[in-house]
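> structure, please.
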Amino acid sequence: MASITLDQVSKTYPNGQTAARDLTIEIGDGELLVLVGPSGSGKSTVLRLVAGLELPTAGRILIDGRDVTAVPPQRRDLAMVFQSYALYPHKSVRENLAFGLRVRRVDAAEIDARVRLAAATLGIEALLDRKPAQLSGGQRQRVALGRAIVREPKAFLLDEPLSNLDPLLRVATRTELGLLHRRLAATMVYVTHDQEEAMTLGTRVAVMRNGAIEQIGPALALFRRPANTFVAGFVGSPAMNLWPGACRRLDGRARVASAVCSIDLDEAGQSVPDGAELVAGVRPHDIDLTSDGDVTGRVEIVEPLGPVTLVHLRVAGLPGEFVRVIVPSDARIGVDDQARFRIRRDRLHLFDGRTGRRLN
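Residues are numbered from 1 along each chain as shown. Below is the predicted model of the structure:
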């Protein structure tokens, strides 16, 4: 396996569109880095740059310390798995797995050994003589992974490989991918727009927007301490509540005042000028519905989610915004109920209202 480095990499197309902006990323040997972000954020472009399918406008790409920026894709020794399985329909699973090795003129005995090992690793030994049309979506995806595994590449590049699967199969295949990464100890770069996939799979997660990395780190670090309002709203399901507020001087002390909370900034160690725009954030599971809560809202929507229920509250002073609260599934609450709630102050996230940057 190998380490991969992007050193101040940018990509601008002739039409002026910038898909990657000054990216510097170190991907360790054996790491699974997930690139996540909305459509058009540049994550697939990063994968294509690493693969050599695109050339950067600026910067360098290194594999194991070797500069491969101008090296063609076939000489980078990387395996790419796409969301479309790209299997040869007229060939059997065995022939699909072996095809790339035959093109490279690998010895027949070596090909057979690698195909058998990959099939055993993925649990598809019984499928080797079938054609792709005889396979389910999950089985086809495993064959596509197997075709990459038999090559024994330096690293795997996976571009939304689960997006064509139905929800149940997607979760099962995601688990298999995580186990596969552990068994192979392989370097993997994985692209997805699904933040749940990112949170569960990645050794580290890089959140992208407009060609730039907003934050990179372990999934739980991004969840617990998002660097800005974009990451706060993107990572986590249900999304974090984000409410506009301002710094106000009350009784000589600076406080963040919004429709749902009032927090002493001096006690929180924040030096914020009077009148500064702020955004207060809190996750739905960090709000308690309680009879002695300090804010009241009217229940607009109740969404049962199995073990918990997501409640949407309408609060005066928050036009067009809901306060989302997670409650136990057996909570007795219905539409149009009046509910009082309290925010767990030690779980409050505070952001600059102009830049979105985290303050606490």
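
> so what's residue 56 up against?
Contact partners of residue 56, counting by CB atoms under 8 Å, 6 or more residues apart in numbering, are 9, 10, 11, 20, 49, 69. (Glycine included, C-beta is placed from N, CA and C.)

> now list the buried members of those residues.
9, 10, 11, 20, 49 (16 or more other CB atoms under 10 Å).

> now do the same for the last one: helix, strand or coil?
Yep, that's residue 49 we're talking about. helix (DSSP: H, G, I helix; E, B strand; the rest coil).

> do the same with the fourth one
State at residue 20, reduced to three classes by three-state DSSP: strand.

> what's the answer for the first one, then?
Classification of residue 9 into helix, strand or coil gives strand, according to three-state DSSP.

> excluding chain neighbours, what is closest to it?
Leaving out its chain neighbours, the residue that sits closest to residue 9 by CB to CB, 6 or more residues apart in numbering is residue 59, at 3.5 Å.

> can you check the last one too?
The spatially closest residue to residue 49, leaving aside those adjacent along the chain, is residue 56, at 5.6 Å (CB to CB, 6+ apart).

> what's the farthest-apart pair in the contacts of residue 56?
Maximum pairwise distance among the contacts of residue 56 (CB to CB): 13.2 Å, between 20 and 69.

> neighbours of residue 172, just the number please.
Around residue 172 sit 13 other residues, with neighbours defined as other CB atoms under 10 Å.

> which SSE is it in?
Element membership for residue 172 (DSSP states H and E) is helix 167-184.

> ok, then the element right after that helix?
Scanning onward from helix 167-184 (DSSP H and E), the first element met is strand 188-192.

> give the other helices and strands that that following strand contacts.
Counting contacts by 3 or more CB pairs under 8 Å, 6 or more residues apart in numbering; DSSP states H and E, strand 188-192 is packed against strand 32-36, helix 43-51, strand 155-159, helix 195-201.

> least reliable of those by average pLDDT, please.
For the helices and strands packed on strand 188-192, the weakest mean pLDDT is recorded on helix 195-201, namely a mean of 89.

> buried residues in it, which are they?
Quick answer for helix 195-201 (16+ other CB under 10 Å): 195, 197, 198, 199, 201.
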